[in-house]
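Visitor: What would the 3D arrangement of this be:
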Amino acid sequence: MEALRAALCVLSVFVAVLPERLVVLASFSQSVDSDFTFTLPAGRKECFYQTMKKDASLEIEYQVVKIRVAVTMSYETRDIS
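Guide: Below you'll find the model as predicted:
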């Protein structure tokens with residue numbers, strides 16, 4: 001079975017005033033569930049690469065903690081095979 005490589009890129013986090021933190025939890029599901037948690041400082045971008053089987057599912061959750069201003073967050077997945 002041909003494997004697909006999915007890229008998870010947190011493209012942008014904009015915080016108007018305070019340099020708070022964003023906690024993102026991404027769950028990569030293949031045959032066994034696994035979790036990946038990281039802290040992303042305000043205004044930073046991070047890219048993560050995860051190999052996935054074709055037709056596998058991917059669940060992405062994120063949580064903003066200790067924030068007092070508006071936040072914009074986006075992510076992107078790609079097939080880079």
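Visitor: any idea how far residue 78 is from residue 56?
Guide: From residue 78 over to residue 56 the distance is 15 Å, taken as CB to CB, to the nearest Å. Every residue, glycine included, has its C-beta placed from N, CA and C.
Visitor: ok, now residue 41?
Guide: Remark: distance between residue 41 and residue 56 (CB to CB) = 30 Å.
Visitor: Show me the shaky parts of the protein.
Guide: Applying pLDDT under 70 to the chain picks out residues 1-34, 67, 81.
Visitor: again, only using 50
Guide: Segments of the chain classed as low confidence (criterion: pLDDT under 50) are 1-30.
Visitor: what ranges do the helices span in it?
Guide: In the chain, no helices are found when defined by DSSP state H.
Visitor: Looking at residue 78 and residue 56 now, which is surrounded by more residues?
Guide: Ranked by neighbour count (other CB atoms under 10 Å), residue 78 and residue 56 place residue 56 first, with 15 against 12.
Visitor: Okay, strands next: where are they in the protein?
Guide: Taking DSSP state E to define them, one finds strands in the chain at 3-15, 21-29, 33-41, 46-53, 58-65, 71-76.
Visitor: Parallel or antiparallel, which strands does the last one pair with?
Guide: Sheet neighbours of strand 71-76, with direction, are listed as strand 3-15 (antiparallel) (DSSP bridges).
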